[in-house]
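Visitor: Structure for the following, please:
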Amino acid sequence: MYKPIFNKKREVLVFRQFQRKGYSLFACLGREVVISVLSVATLSSTKAANISDEVWRTKDTVQVAKEVWLGDVGVTGSRAPLTKSQAARMVTVLSREDIAQAAVQSVNDLLKYAAGVDVRQRGPLGSQADVSIRGGTQEQITVLLNGINICDPQTGHNVMDLPCQLDEIVRIEVLEGPAARIYGTSSLVGAINIVTSAAPAADDNGWVQLEGGFYGYAKAAAKAPSPFARNGNLDGSLTASYARSDGYSRCKAGTLNTDFSGSKAFCQGQYKGRQVDVKWHLGISDKGWGSSTFYASPAWQADDQYEHTTKWFAAIQAQTTQGPLKLQPSIYWNQHRDRYEGYRGRPDVMKYNYNRCNVYGVALNSYFDWVAGRTALGAELRNEDLVSGNLGEPLSRPHHIKGTDRDYTLGLNRTNISAHLEHNVLLKRLTLSAGFVATKSSLSNMNMTLYPGVDLSYAVSHGLKLFAGWNSSLRLPSFTEMYYKLKGYAADPHLKPEEMQAVEAGAQLATPAVEAKATAYYHHGRNMIDWIMDTSKGAEAEWQSVNHTRINSYGVEAQVRLDLRRLLSHSLPPTSLQLSYSYIDQDKEAEPNIVSQYALEYLRHKLVANLSTSPCRNLTVRLGLRWQDRMGTYTDFAGNVCHYRPFALADASVRWTASRFTLYADVNNLLGNRNYVDYGNVPQPGRWMVCGVKYKL
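Guide: So this is what the prediction gives:
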């Protein structure tokens, strides 16, 4: 038996590549190899469904305390899992460390720090925000939870209502540009994948968390490991939370109109077998919030709207671990319910609008290796079923709305089918990834249509990589874009699907002291969907959903992360500086008197700076600054056409961490700027401070 020698310094074994074969390198170690948890801090590009979140530990008669971190395993931006060094497409990742240090309480706020992401906030602390990528709209991205598409075909406004806590998220992956070949349809301009971990750490026995802040904000949350956690091959956990706030404004009648309250619960688990690994999650998000003037228009100046949503998330995923052909099946169900009140608590003035949308999906991905490289193929069947009081066509049989005296009288049902094929050529320095997705929807006149793409990367030297790609995608119109007709809005049920083609090229550098990436891209969009208003109609003006003939977008992005301790002096405390900049220009000329609500209101400039330092062992301080300049105009309630003006917001975070508990204080909008407009006619809060404590059990 191998025995460790403690009086001699041993070299750390780091394995850069390995094969899943019985005769591989691990078989030669002469000691037991146990699979546990993989570090995500080293990842810079990834796809959740195909990433191994595992750290390999070696164990002998005496436990070896030091873990061996594999920095080149299971990282991909393609259908087939590739290592980080092989990946042809670059993906931006917000790591667990980024999440822990940021002065945020929601995923929406965290995404504001990503260079190519535009987060237009209506309500703070995640009550509601529209998230888009590279000048697109909130409808044009795919949001995934552990690789499962959780987008609501009714509307993209509430897609970020997640059931999990920030503490459960191990990373957030942002794939910019058309991603149909990787994530399926609806990822017209990109995708955001939120990845959680079902396996608790060895010392994780659960935690409790309490928060309080300005405007009557309070939150309580807790996590408990599953009874089966760390018991054989089973792992799991359960989290739950409740949050509420009085809000930061009142309507003309004097009552609160930006208050919110809601609960979340999220259960996840995994089973690791000899031939198959299985993961699952089940979650709920239930929330109500004062919608103030969120959907108001000059013709309808309602300032006390209200909305309540309930969302269910369920999925089971598996992956075979033996044999030359790897299979990755998944099945999922998402349900979205909402109640919209145009006049809060006054159904006699305007009937409440009720919607219920069920999404059922089954998918199969597979891949295998052969002499020419690695090939992936698979298919997905997704059914989207809506019953509503306002959206869709008349139902043959009404459905009763539980808890009311009303029925769902309208509805829509569409089935989307897609199949994908991808091949990856893997050479020493070069990776070529090419393929296509073929898709068809039952609720459109389109035939089965192919959307191809190709990505290329070349490693110039250790740490420096060049990449380029051309990809295409589509996006089906949402049910709201097709059928929403209330005061001030008139939708078109005959909207065409949006289509996008894009090219991009760039370079990425990764060294211990400097990480940097620069990208230039061009997007060509056809039949782009937007809500527009002809202000020349005066009081008769309405928001109408339309297809723009084309929109061309040109953009550049650059980001750099500097380890100032390595660059300047080792006498400095651990300090890092992150800078990112994004520029976009669209050539769709605005027509006279036409105001765009989404597609032509994009961030031309976005600059983000973050400084993080640890002046002493347990203390971490982080300062953040965001400056942005938005194109487009909006019409205020007095009928004046206003241009969006640039604004800057600063955030700060202080955290003190001990062995069992963490104390923290986060301040958003540190300088108290209340004169900025992120959405026309939607007032924003000033300074917002949250303090909290988290205690590990």
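Visitor: hey, let's count contacts and neighbours off CA atoms from now on
Guide: Fine.
Visitor: Would you map the helices across this structure?
Guide: 96-101, 107-111, 180-183, 479-483, 564-567 (DSSP state H).
Visitor: Would you mind finding the most buried of the ones you listed?
Guide: helix 180-183 (a mean of 26; mean count of other C-alpha atoms under 10 Å).
Visitor: who touches that helix?
Guide: The contact list for helix 180-183, computed with C-alpha atoms under 8 Å, 6 or more residues apart in numbering, reads 77-79, 142, 186-188, 191, 420, 435-437, 451-453, 471-474.
Visitor: Tell me how many other residues crowd the closest residue to Thr633 other than its chain neighbours.
Guide: In space, and not counting its chain neighbours, Thr633 is closest to His643: 4.4 Å by C-alpha to C-alpha, 6 or more residues apart in numbering. A count of neighbours around His643, defined by other C-alpha atoms under 10 Å, yields 14.
Visitor: swap in Gly403?
Guide: Count around Gly403 with other C-alpha under 10 Å applied: 6.
Visitor: Report the buried residues of stretch 572-589.
Guide: Residues 574-586 are the ones in stretch 572-589 that count as buried (16 or more other C-alpha atoms under 10 Å).
Visitor: Restricting to C-alpha, output stretch 627-639 in CSV.
Guide: Once non-C-alpha atoms are left out, stretch 627-639 reads as follows in CSV (Å, rounded to 0.1, in the frame of the first residue of the first chain):
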residue,chain,number,x,y,z
TRP,A,627,-22.3,54.5,-16.2
GLN,A,628,-24.7,54.1,-19.1
ASP,A,629,-26.0,56.1,-22.0
ARG,A,630,-29.3,54.8,-23.5
MET,A,631,-30.6,55.7,-27.0
GLY,A,632,-34.3,56.3,-27.7
THR,A,633,-37.0,58.5,-26.4
TYR,A,634,-40.2,58.3,-24.3
THR,A,635,-43.3,60.4,-24.0
ASP,A,636,-44.0,61.7,-20.5
PHE,A,637,-47.5,62.1,-19.0
ALA,A,638,-47.6,65.7,-20.2
GLY,A,639,-47.2,64.6,-23.8
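Visitor: what comes up buried for it?
Guide: 628-635.
Visitor: Run through the bridge partners of the residue nearest in space to the middle of the chain.
Guide: In the chain, the residue lying closest to the centroid (C-alpha atoms, centre = their mean) is Ile192, at 3.3 Å. Taking DSSP bridges as the rule, Ile192 bridges to Val143, Val174.
Visitor: Check the spacing between it and Ile148 real quick.
Guide: Distance of Ile192 to Ile148, computed by C-alpha to C-alpha, to the nearest Å: 11 Å.
Visitor: which ones are touching Ser596?
Guide: Counted by C-alpha under 8 Å, 6+ apart, Ser596 has contacts 530-533, 632-634.
Visitor: Which pLDDT value goes with it?
Guide: On pLDDT, Ser596 comes in at 76.
Visitor: Distance check, it against Arg645.
Guide: Taking C-alpha to C-alpha, one finds Ser596 at 16 Å from Arg645.
Visitor: Got the confidence number for the residue nearest to Ile584 when sequence neighbours are not counted?
Guide: In this structure, Ile584 finds its nearest non-sequential neighbour in Gly555, 4.3 Å apart by C-alpha to C-alpha, 6+ apart. pLDDT for Gly555: 97.
Visitor: As PDB, could you dump the C-alpha coordinates of stretch 476-493?
Guide: Output in PDB follows, covering the C-alpha atoms of stretch 476-493 (Å, rounded to 0.1, in the frame of the first residue of the first chain):
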ATOM      1  CA  LEU A 476     -41.200  33.100 -31.800                       C
ATOM      2  CA  PRO A 477     -43.400  36.100 -30.800                       C
ATOM      3  CA  SER A 478     -44.700  35.900 -27.200                       C
ATOM      4  CA  PHE A 479     -48.400  35.500 -26.600                       C
ATOM      5  CA  THR A 480     -48.500  39.000 -25.200                       C
ATOM      6  CA  GLU A 481     -47.000  40.500 -28.300                       C
ATOM      7  CA  MET A 482     -49.600  38.700 -30.400                       C
ATOM      8  CA  TYR A 483     -52.800  39.300 -28.300                       C
ATOM      9  CA  TYR A 484     -52.400  41.900 -25.600                       C
ATOM     10  CA  LYS A 485     -55.200  44.500 -26.000                       C
ATOM     11  CA  LEU A 486     -56.000  46.700 -23.100                       C
ATOM     12  CA  LYS A 487     -56.100  50.400 -22.500                       C
ATOM     13  CA  GLY A 488     -53.300  52.000 -24.600                       C
ATOM     14  CA  TYR A 489     -52.100  48.700 -26.200                       C
ATOM     15  CA  ALA A 490     -53.100  46.900 -29.500                       C
ATOM     16  CA  ALA A 491     -51.200  43.700 -30.400                       C
ATOM     17  CA  ASP A 492     -51.000  42.000 -33.800                       C
ATOM     18  CA  PRO A 493     -51.700  38.200 -33.800                       C
END
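Visitor: what about the residue nearest to Thr633, distance to Asn593?
Guide: Applying C-alpha to C-alpha to His643 and Asn593 gives a distance of 13 Å.
Visitor: Repeat that for Tyr484.
Guide: Taking C-alpha to C-alpha, one finds Tyr484 at 23 Å from Asn593.
Visitor: between those two, who's got more neighbours?
Guide: Just comparing Tyr484 and Asn593: by other C-alpha under 10 Å the higher neighbour count belongs to Tyr484, 20 against 13.
Visitor: residue ranges with poor pLDDT in this protein?
Guide: In the predicted model, the chain carries pLDDT under 70 at residues 1-77, 84, 103, 200-203, 228-232, 487, 589-590, 598-599.
Visitor: Strands along the stretch 301-450 of the chain, start to end?
Guide: Here the stretch 301-450 of the chain has its strands, by DSSP state E, counting those that start in this stretch, at 305-320, 325-341, 353-370, 373-388, 393-400, 407-426, 430-441, 449-461.
Visitor: helices or strands up against the second one?
Guide: What it means is strand 325-341. Where contact means 3 or more C-alpha pairs under 8 Å, 6 or more residues apart in numbering; DSSP states H and E, strand 325-341 is packed against strand 305-320, strand 353-370.
Visitor: Pull out the buried positions in that strand.
Guide: 326-341.
Visitor: list the contacts for Ala502?
Guide: Shown in contact with Ala502 (C-alpha under 8 Å, 6+ apart): 177-178, 470-472, 521-524.
Visitor: 7 Å instead?
Guide: Ala502 makes contacts with 177-178, 470-472, 522-524, as judged by C-alpha atoms under 7 Å, 6 or more residues apart in numbering.
Visitor: What of Thr375?
Guide: 80, 367-369, 422-424.
Visitor: Export the helices of the chain as JSON lines, with columns for distance to Val387.
Guide: Listed next are those as JSON lines, based on distance: least, C-alpha to C-alpha, whole Å:
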{"stretch": "helix 96-101", "distance to Val387": "37"}
{"stretch": "helix 107-111", "distance to Val387": "28"}
{"stretch": "helix 180-183", "distance to Val387": "27"}
{"stretch": "helix 479-483", "distance to Val387": "11"}
{"stretch": "helix 564-567", "distance to Val387": "56"}
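Visitor: nearest to Tyr248, of the ones you listed?
Guide: Tyr248 lies closest, by C-alpha to C-alpha, to one member of the helices of the chain: helix 107-111, at 17.2 Å.
Visitor: who touches that closest one?
Guide: By C-alpha under 7 Å, 6+ apart, helix 107-111 touches 104, 117, 119, 126, 129.
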